[in-house]
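A.B. asks: Structural data only, the sequence is not supplied:
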């Protein structure tokens, strides 16, 4: 099949979270399975753009309401990512350094989607599937079916919408309805949700199939999806949960280019200790103590607002018995609170505020426990990365965390799960972790067992094949 993935993110071109990791890996493994998978995304001004060679593939023009714009589509010349990568450039809208966070994001991503549909409409053939990711691309199924300029050729092309996070829906007021190319006014209801244009809701209504990134998250959306609960209940017949995979070529402690001390499950104890020694030397921590790490965005969804108080509680109870390392950025208040502990708990704690891909790999390779107290975690990749590197995941039982981590109190359990995003549950989980860390036989068994669990993309590709079929 020829599969066109349309996304706002794709690692390593531009990434803000798990969406980028998925779109950077899934098409590569689909191609290995015999498909022809391609990725189309905006042409942000990133290092990847300037450090690689591109050729112009197409030029065109369209309207965003009354605003005429020209677009250029360039193609990465060497297929270095394992799939064809196309970037869409629109001067004044997509030529920015950041992916999100601009006042005109509605205009930016609507114009991007128009350019993609207009481009595909001009092809001599139709692709087999157009696979849209999250709300930034969720108007495409509607445009293909209901925009007068495109419906004749494209309404018969199957569309899939994958929801990576339903909390963000791309809401637009009806005053922006003219942004969408001339459409059949009888189809107003396919755009509307509670008197607002809701791109994510439109995608759920119009896409041929809808997937989410874990079975548990699919079930949770019918109970909690930021106002779309009734829609997910109504459309549940075409909705599927497919657990994300991880790219074992990138995330492999035996070959990881970001770390110097490589290891396998057989040499995990010594290999991880060498990486731990490097971390502890760098941040002034004790390499003999159990090390807890948090890697991710410092936002409410990740329950990062609980971290400052939880760290104080942990240090009050277990000072001198564990070390904590934080890597992340987000809410400035949380950033300040976490950074303020660096001197207070010196020798047992450090917060590195920012995004650092190299350090994150080293932390997975050297840490003993990874904390993920998330309030919302549709799939979660960090816990799968940590398992691959023998770092015990400590997770709240929600979404994909619930689907991938088995508590150590169960038969063949290898992780630590807790029910509530609360300081008390985090504190209790740390006490359980310290206890098992000191039981070296059990701890080493957990570490080796989890490293052999298969979370590769191959099985995920097979599940997508079924949906495409």
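C.D. replies: Perfect, I can see it now. Note that the structure is predicted; figures quoted are calculated from it, not measured.
A.B. asks: Who is the closest residue in space to residue 341 that isn't next to it in sequence paired with across the strands?
C.D. replies: Counting by Cβ to Cβ, 6 or more residues apart in numbering, residue 341 lies nearest to residue 349, which is 5.5 Å off, once chain neighbours are set aside. C-beta coordinates here come from the backbone N, C-alpha and C atoms, glycine included. On the basis of DSSP bridges, residue 349 is bridged to residue 324.
A.B. asks: Quickly note the distance from residue 349 to residue 308.
C.D. replies: For residue 349, the distance to residue 308 equals 11 Å [Cβ to Cβ, to the nearest Å].
A.B. asks: With neighbour numbers in mind, choose between those two.
C.D. replies: Between residue 349 and residue 308, counting by other Cβ atoms under 10 Å, residue 349 is the more crowded of the two (24 against 18).
A.B. asks: what sits against that one?
C.D. replies: Contacts for residue 349 (Cβ atoms under 8 Å, 6 or more residues apart in numbering) come out as 285, 311, 315, 323, 324, 325, 341, 342.
A.B. asks: tell me which residues in stretch 27-39 are buried?
C.D. replies: For stretch 27-39, a neighbour-count test (16 or more other Cβ atoms under 10 Å) marks 27, 28, 29, 30, 31, 35, 37, 38, 39 as buried.
A.B. asks: Out of those residues, which is nearest to residue 137?
C.D. replies: Nearest to residue 137 among the buried residues of stretch 27-39, counting by Cβ to Cβ, is residue 39 at 11.3 Å.
A.B. asks: So that closest one lies in a strand, does it not?
C.D. replies: Yes: assessed by DSSP: H, G, I helix; E, B strand; the rest coil, residue 39 belongs to a strand.
A.B. asks: In the sheet, which residues pair with it? Tell me.
C.D. replies: residue 5, residue 85.
A.B. asks: my guess is it meets residue 26, correct?
C.D. replies: No: with contact defined as Cβ atoms under 8 Å, residue 39 does not reach residue 26; the gap is 9.2 Å.
A.B. asks: shared neighbours, these two?
C.D. replies: Going by Cβ under 8 Å, 6+ apart, residues that sit against residue 39 and also against residue 26 are residue 5.
A.B. asks: And the strands in the stretch 51-200 of the chain, which stretches?
C.D. replies: When assigned using DSSP state E, counting those that start in this stretch, the strands of the stretch 51-200 of the chain occupy the ranges 54-64, 67-76, 84-89, 129-133, 159-163.
A.B. asks: want to throw the ones you listed into TSV with mean pLDDT and mean neighbour count?
C.D. replies: Below are these laid out as TSV (pLDDT from 0 to 100; neighbours: other Cβ atoms under 10 Å):
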stretch	mean pLDDT	mean neighbour count
strand 54-64	98	14
strand 67-76	98	16
strand 84-89	98	22
strand 129-133	98	27
strand 159-163	98	26
